[in-house]
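**Q** here is my input, please return the structure:
(chains A and B)
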Amino acid sequence: RKEVEQDPGPFNVPEGATVAFNCTYSNSASQSFFWYRQDCRKEPKLLMSVYSSGNEDGRFTAQLNRASQYISLLIRDSKLSDSATYLCVVSAQAGTALIFGKGTTLSVSS
Amino acid sequence: GAGVSQSPSNKVTEKGKDVELRCDPISGHTALYWYRQSLGQGLEFLIYFQGNSAPDKSGLPSDRFSAERTGGSVSTLTIQRTQQEDSAVYLCASSLTGWERFFGPGTRLTVL
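**A** Numbers count the residues shown, from 1 in each chain, chains lettered A, B, ... in the order given. Model prediction:
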């Protein structure tokens, strides 16, 4: 099983749609979880951290299921500007290492 | 404020040549990371510097790869005798505390 797995997509949705991405991770000892966003030919940037209780930031909601070892990202009312690749990121067992997934590509069209 | 900068932005080289990639982290950030991202692949960890501690080199793919961080600030990633499979975007990131990585724009390396 890969350390961090994501459906690569692409997810093609119209503006205003709700879309959800899932990510699974293999290391049950992982403690910290994040979603990063990477625009085409740009560097990744932190979108949001993922907390055990779930957290929301505007149109974005992140959830963590430790028992099943998966993380989700929900985007409501999609905008054209949401088009990007979303990277699921999980802390490694030790130290400050992060494991990056290959990303899920979202394309929002008008 | 100034973010992480990297140079050059693009580098085209011939197989067998050596290349040096530079990273200027955010001022005051004690941690510096090098990753590489090949087409369609996730970010692959290469090396990690934290303050004056010995670097974590566990991600370097071969002994052709090395990195230095001088004075706790600027870092240089050197690839000797480049191979075509070294072609990728090399990303540098820095952080102060916690988990957030601030990435530079990357150096796109093409080995012909």
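
**Q** retrieve the pLDDT associated with the nearest residue to residue A:35 once chain neighbours are set aside.
**A** Nearest residue to residue A:35, sequence neighbours excluded (C-beta to C-beta, 6 or more residues apart in numbering or on different chains): residue A:47, at 4.5 Å. (Glycine included, C-beta is placed from N, CA and C.) pLDDT recorded at residue A:47 is 96.

**Q** residue A:47 against residue A:33, yeah?
**A** No: taking contacts as C-beta atoms under 8 Å, residue A:47 lies outside contact range of residue A:33: 11.7 Å.

**Q** in the helix or strand hosting the residue nearest to residue A:35, what's buried?
**A** Residue A:47 belongs to strand A:44-50 when assigned by DSSP states H and E. Neighbour-count burial for strand A:44-50, with 16 or more other C-beta atoms under 10 Å in any protein chain shown as criterion, is recorded at A:44, A:46, A:47, A:48, A:49, A:50.

**Q** the fifth one and chain B, how far apart?
**A** I take that to be residue A:49. 7 Å (C-beta to the nearest C-beta, to the nearest Å).

**Q** quick check: residue A:79 touching residue A:108?
**A** Yes: using C-beta under 8 Å, residue A:79 makes contact with residue A:108 at a distance of 6.4 Å.

**Q** so these two - more neighbours on which side?
**A** Neighbour count, other C-beta atoms under 10 Å in any protein chain shown: between residue A:79 and residue A:108, residue A:108 has more, with 20 against 12.

**Q** just want the angle from the lowest-mean-pLDDT helix or strand in chain B to strand A:44-50.
**A** Lowest by mean pLDDT, DSSP states H and E among the helices and strands of chain B is strand B:43-50, with a mean of 92. Using axes from the mean of the first three to the mean of the last three C-alpha atoms, to 10 degrees, the direction of strand B:43-50 lies 90 degrees away from that of strand A:44-50.

**Q** report the inter-axis angle for the helix or strand that comes right after strand B:43-50 versus strand B:43-50.
**A** Next helix or strand after strand B:43-50 toward the C-terminus (DSSP H and E): strand B:65-69. Per the same axes, to 10 degrees, the angle that strand B:65-69 makes with strand B:43-50 is 40 degrees.
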